[in-house]
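[1] no letters, just coordinates:
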């Protein structure tokens, strides 16, 4: 977390590396946020984007898909998977409990499954989520494009990034 690997975390906490790994494997981070209690009738404007990372080597791509609510400055939900329509459907299922007024996306082909009357496309409407992508890449080295820090297993990759998102962006 916060650019520290498992060995750094173990050294800072004065525990074994295996204790850190066991603790992380026990975690089951949420994939969907809850709305603030004072605004039950809130309509969301979701900017949706995907971020690429990899497991072990760059040929094993793993994509983080998430929906950013710019007014709340929060992530509504996230999903891991391939860069495909199926992963987008998984994300949309997680957001089905919310009233989403508009979907703002880039021009990637998977977004064709969104309803045209609620779908806005263009760089102007995705500036905030692209900025958040940069923030996430700076704070989590596993999302960085360079090969200096990477996950060796899908389970640890998803749990580490999911735990960070839950801690920082969910209510």
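    Happy to help now that I have it. This one's a predicted model, so the numbers in the text were calculated from it and none came from an experiment.

[2] which residues touch residue 75?
    Shown in contact with residue 75 (CB atoms under 8 Å, 6 or more residues apart in numbering): 33, 66, 67, 68, 69, 165, 169, 170. Any C-beta I mention is one placed from the backbone N, CA and C, and that applies to glycine too.

[3] tally of neighbours for the closest residue to it other than its chain neighbours?
    In space, and not counting its chain neighbours, residue 75 is closest to residue 169: 4.0 Å by CB to CB, 6 or more residues apart in numbering. Residue 169: 19 surrounding residues under other CB atoms under 10 Å.

[4] I'd like the distance between residue 169 and residue 6.
    Distance of residue 169 to residue 6, computed by CB to CB, to the nearest Å: 22 Å.

[5] equivalent analysis for residue 22, please.
    To residue 6, residue 22 is 11 Å away according to CB to CB.

[6] which one of the two has more residues nearby?
    Using other CB under 10 Å, the more surrounded residue of residue 22 and residue 6 is residue 6, with 15 against 11.

[7] so what's the more buried one closest to, chain neighbours aside?
    residue 20 (5.1 Å).
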